[in-house]
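# What would the 3D arrangement of this be:
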Amino acid sequence: MPNENEIKSEKILVKEVFSTMWFRIPEYQRPYIWSKDQVNELMDDLSFAGKDKPDSEYFLGSFVFQFKKANVKLGQEFDENDLLDGQQRMTTLLMLFACLRDLTTDSAAKADCQACIYQKGSQYKNIPERNRLVFAIRDSVQEFVDKYIKADAGTNDVEALKGISKSETDTSLKNMAGAILEIRNFLQDQEKGV
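Presented below is the predicted three-dimensional model:
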(Lines give C-alpha, C1' and ligand atoms only; values in the text may rest on other atoms or scores of the structure.)
Protein backbone atom coordinates (compact mmCIF):
# COMPACT_ATOMS: atom_id res chain seq x y z
CA MET A 1 0.00 0.00 0.00
CA PRO A 2 1.41 3.43 -0.89
CA ASN A 3 2.19 5.93 1.82
CA GLU A 4 -0.17 8.85 2.23
CA ASN A 5 0.94 11.93 0.25
CA GLU A 6 3.49 9.85 -1.68
CA ILE A 7 3.72 10.56 -5.38
CA LYS A 8 5.20 7.66 -7.34
CA SER A 9 6.19 7.13 -10.94
CA GLU A 10 5.67 3.69 -12.41
CA LYS A 11 4.11 1.99 -15.39
CA ILE A 12 0.51 0.98 -14.77
CA LEU A 13 -1.67 -0.79 -17.30
CA VAL A 14 -5.08 0.69 -18.10
CA LYS A 15 -6.68 -2.60 -17.12
CA GLU A 16 -5.21 -2.13 -13.62
CA VAL A 17 -6.39 1.47 -13.44
CA PHE A 18 -9.94 0.40 -14.23
CA SER A 19 -10.05 -2.78 -12.17
CA THR A 20 -8.03 -2.35 -8.99
CA MET A 21 -7.68 1.39 -8.41
CA TRP A 22 -10.06 4.13 -7.23
CA PHE A 23 -9.79 7.78 -8.10
CA ARG A 24 -11.21 11.09 -7.01
CA ILE A 25 -11.16 14.35 -8.93
CA PRO A 26 -10.44 16.90 -6.17
CA GLU A 27 -12.48 20.06 -5.74
CA TYR A 28 -9.63 22.29 -6.94
CA GLN A 29 -9.29 20.59 -10.34
CA ARG A 30 -10.46 22.33 -13.47
CA PRO A 31 -13.64 21.23 -15.28
CA TYR A 32 -13.75 18.62 -18.03
CA ILE A 33 -12.74 20.76 -21.00
CA TRP A 34 -12.03 18.36 -23.85
CA SER A 35 -13.77 19.20 -27.10
CA LYS A 36 -14.64 16.80 -29.89
CA ASP A 37 -11.15 17.27 -31.41
CA GLN A 38 -9.32 15.90 -28.35
CA VAL A 39 -11.89 13.11 -27.89
CA ASN A 40 -11.56 12.06 -31.54
CA GLU A 41 -7.77 12.22 -31.36
CA LEU A 42 -7.76 9.82 -28.40
CA MET A 43 -10.26 7.53 -30.13
CA ASP A 44 -8.16 7.55 -33.33
CA ASP A 45 -5.02 6.74 -31.34
CA LEU A 46 -6.71 3.88 -29.48
CA SER A 47 -8.20 2.53 -32.70
CA PHE A 48 -4.83 2.69 -34.48
CA ALA A 49 -3.05 0.97 -31.60
CA GLY A 50 -5.70 -1.75 -31.43
CA LYS A 51 -5.79 -2.45 -35.17
CA ASP A 52 -2.23 -1.82 -36.32
CA LYS A 53 -0.21 -2.70 -33.23
CA PRO A 54 -2.33 -5.16 -31.25
CA ASP A 55 0.69 -6.84 -29.63
CA SER A 56 2.48 -3.63 -28.69
CA GLU A 57 2.07 -1.48 -25.63
CA TYR A 58 0.38 1.87 -26.16
CA PHE A 59 1.55 4.81 -24.05
CA LEU A 60 -1.62 6.59 -23.03
CA GLY A 61 0.16 9.38 -21.21
CA SER A 62 0.90 10.13 -17.61
CA PHE A 63 -1.54 10.01 -14.75
CA VAL A 64 -0.35 11.80 -11.64
CA PHE A 65 -2.19 10.86 -8.50
CA GLN A 66 -1.74 11.01 -4.76
CA PHE A 67 -2.86 8.28 -2.38
CA LYS A 68 -5.39 9.44 0.21
CA LYS A 69 -6.34 7.28 3.18
CA ALA A 70 -10.07 7.14 3.92
CA ASN A 71 -11.31 9.95 6.13
CA VAL A 72 -15.01 9.58 6.90
CA LYS A 73 -15.06 12.95 8.69
CA LEU A 74 -14.20 14.59 5.37
CA GLY A 75 -16.74 12.49 3.44
CA GLN A 76 -14.19 10.03 2.04
CA GLU A 77 -15.36 6.51 2.87
CA PHE A 78 -12.56 4.61 1.08
CA ASP A 79 -8.87 4.80 0.33
CA GLU A 80 -8.61 6.63 -2.98
CA ASN A 81 -6.15 8.39 -5.21
CA ASP A 82 -6.58 12.11 -5.85
CA LEU A 83 -6.10 12.52 -9.60
CA LEU A 84 -3.76 15.47 -10.03
CA ASP A 85 -3.09 15.13 -13.76
CA GLY A 86 -4.84 13.05 -16.40
CA GLN A 87 -8.44 13.91 -15.55
CA GLN A 88 -9.39 14.58 -19.18
CA ARG A 89 -8.04 11.23 -20.44
CA MET A 90 -9.35 9.18 -17.53
CA THR A 91 -12.81 10.76 -17.76
CA THR A 92 -12.87 10.14 -21.50
CA LEU A 93 -11.90 6.49 -20.97
CA LEU A 94 -14.68 6.17 -18.39
CA MET A 95 -17.16 7.51 -20.95
CA LEU A 96 -15.72 5.14 -23.57
CA PHE A 97 -16.47 2.17 -21.30
CA ALA A 98 -20.02 3.46 -20.83
CA CYS A 99 -20.56 3.83 -24.58
CA LEU A 100 -19.09 0.39 -25.32
CA ARG A 101 -21.38 -1.10 -22.65
CA ASP A 102 -24.45 0.59 -24.12
CA LEU A 103 -23.70 -0.19 -27.76
CA THR A 104 -22.79 -3.87 -27.44
CA THR A 105 -25.19 -6.79 -27.31
CA ASP A 106 -22.56 -9.08 -25.75
CA SER A 107 -23.60 -9.53 -22.10
CA ALA A 108 -20.06 -10.41 -20.96
CA ALA A 109 -18.66 -7.27 -22.59
CA LYS A 110 -21.42 -5.21 -20.95
CA ALA A 111 -20.55 -6.64 -17.54
CA ASP A 112 -16.81 -6.05 -18.02
CA CYS A 113 -17.37 -2.43 -19.12
CA GLN A 114 -19.69 -1.81 -16.18
CA ALA A 115 -17.08 -3.21 -13.77
CA CYS A 116 -14.62 -0.62 -15.13
CA ILE A 117 -17.10 2.14 -14.28
CA TYR A 118 -18.18 1.06 -10.84
CA GLN A 119 -18.06 -1.79 -8.38
CA LYS A 120 -21.43 -3.30 -7.69
CA GLY A 121 -22.00 -3.79 -4.00
CA SER A 122 -22.80 -7.06 -2.29
CA GLN A 123 -24.01 -7.23 1.28
CA TYR A 124 -23.25 -10.96 1.36
CA LYS A 125 -19.61 -10.51 0.34
CA ASN A 126 -19.28 -7.26 2.31
CA ILE A 127 -18.38 -5.35 -0.86
CA PRO A 128 -19.45 -1.70 -1.01
CA GLU A 129 -20.82 -0.12 -4.16
CA ARG A 130 -18.44 2.54 -5.38
CA ASN A 131 -17.55 4.46 -8.52
CA ARG A 132 -14.15 3.97 -10.12
CA LEU A 133 -13.86 7.74 -10.51
CA VAL A 134 -15.57 10.15 -8.11
CA PHE A 135 -16.07 13.77 -9.11
CA ALA A 136 -15.72 15.92 -6.00
CA ILE A 137 -15.61 18.99 -8.24
CA ARG A 138 -19.34 19.67 -8.09
CA ASP A 139 -22.40 17.63 -7.18
CA SER A 140 -23.92 18.29 -10.63
CA VAL A 141 -20.97 16.54 -12.31
CA GLN A 142 -21.32 13.46 -10.10
CA GLU A 143 -25.08 13.43 -10.76
CA PHE A 144 -24.39 13.54 -14.52
CA VAL A 145 -21.93 10.64 -14.16
CA ASP A 146 -24.46 8.62 -12.18
CA LYS A 147 -27.24 9.23 -14.71
CA TYR A 148 -25.42 8.98 -18.05
CA ILE A 149 -22.24 6.99 -17.37
CA LYS A 150 -22.84 4.70 -14.41
CA ALA A 151 -26.44 3.80 -15.28
CA ASP A 152 -26.85 0.95 -17.73
CA ALA A 153 -28.00 2.40 -21.08
CA GLY A 154 -27.30 5.93 -19.82
CA THR A 155 -25.42 6.93 -22.96
CA ASN A 156 -28.37 5.79 -25.10
CA ASP A 157 -30.35 8.90 -24.09
CA VAL A 158 -28.96 10.72 -27.11
CA GLU A 159 -31.61 13.46 -27.24
CA ALA A 160 -31.02 14.46 -23.63
CA LEU A 161 -27.24 14.44 -24.21
CA LYS A 162 -27.64 16.61 -27.32
CA GLY A 163 -29.67 19.10 -25.31
CA ILE A 164 -27.05 19.22 -22.55
CA SER A 165 -24.21 19.61 -25.06
CA LYS A 166 -25.97 22.59 -26.71
CA SER A 167 -27.52 24.50 -23.84
CA GLU A 168 -25.84 23.57 -20.56
CA THR A 169 -23.87 26.38 -18.93
CA ASP A 170 -21.72 24.10 -16.75
CA THR A 171 -18.53 23.50 -18.75
CA SER A 172 -17.99 19.94 -17.48
CA LEU A 173 -21.55 18.82 -18.19
CA LYS A 174 -21.64 20.43 -21.64
CA ASN A 175 -18.31 18.91 -22.67
CA MET A 176 -18.99 15.48 -21.13
CA ALA A 177 -22.31 15.24 -22.99
CA GLY A 178 -20.56 16.27 -26.20
CA ALA A 179 -17.78 13.73 -25.60
CA ILE A 180 -20.27 10.90 -25.11
CA LEU A 181 -21.96 11.81 -28.40
CA GLU A 182 -18.58 11.91 -30.20
CA ILE A 183 -17.53 8.54 -28.76
CA ARG A 184 -20.85 6.95 -29.73
CA ASN A 185 -20.53 8.33 -33.28
CA PHE A 186 -16.93 7.12 -33.53
CA LEU A 187 -17.83 3.60 -32.36
CA GLN A 188 -20.86 3.40 -34.66
CA ASP A 189 -18.78 4.57 -37.62
CA GLN A 190 -16.14 1.95 -36.80
CA GLU A 191 -18.85 -0.71 -36.72
CA LYS A 192 -20.05 0.40 -40.17
CA GLY A 193 -16.45 0.46 -41.47
CA VAL A 194 -16.49 4.20 -42.12
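# Residue 175: how many residues sit nearby?
By other Cβ atoms under 10 Å, 23 other residues sit near residue 175. All C-beta atoms are positioned from the backbone trio N, CA, C, and that covers glycine.
# Show me which residues of the helix or strand containing it are buried.
According to DSSP states H and E, residue 175 maps onto helix 171-192. Of all the residues in helix 171-192, those buried under the rule 16 or more other Cβ atoms under 10 Å are 172-187.
# and if you look at stretch 119-126?
For stretch 119-126, by 16+ other Cβ under 10 Å, it's residue 119.
# just how off-centre is that stretch within its chain?
Here the centre of stretch 119-126 is set off from its chain's centre by 22 Å, with Cα atoms, centre = their mean, to the nearest Å.
# what does it contact?
114, 127-130, 132 (Cβ atoms under 8 Å, 6 or more residues apart in numbering).
# 7 Å instead, please
127-130 (Cβ atoms under 7 Å, 6 or more residues apart in numbering).
# rewinding a little: could you say what helices and strands the helix holding residue 175 packs with?
helix 36-52, helix 87-103, helix 139-144, helix 158-167 (3 or more Cβ pairs under 7 Å, 6 or more residues apart in numbering; DSSP states H and E).
# In a helix, residue 81, correct?
No. Read with DSSP: H, G, I helix; E, B strand; the rest coil, residue 81 is strand and lies in no helix.
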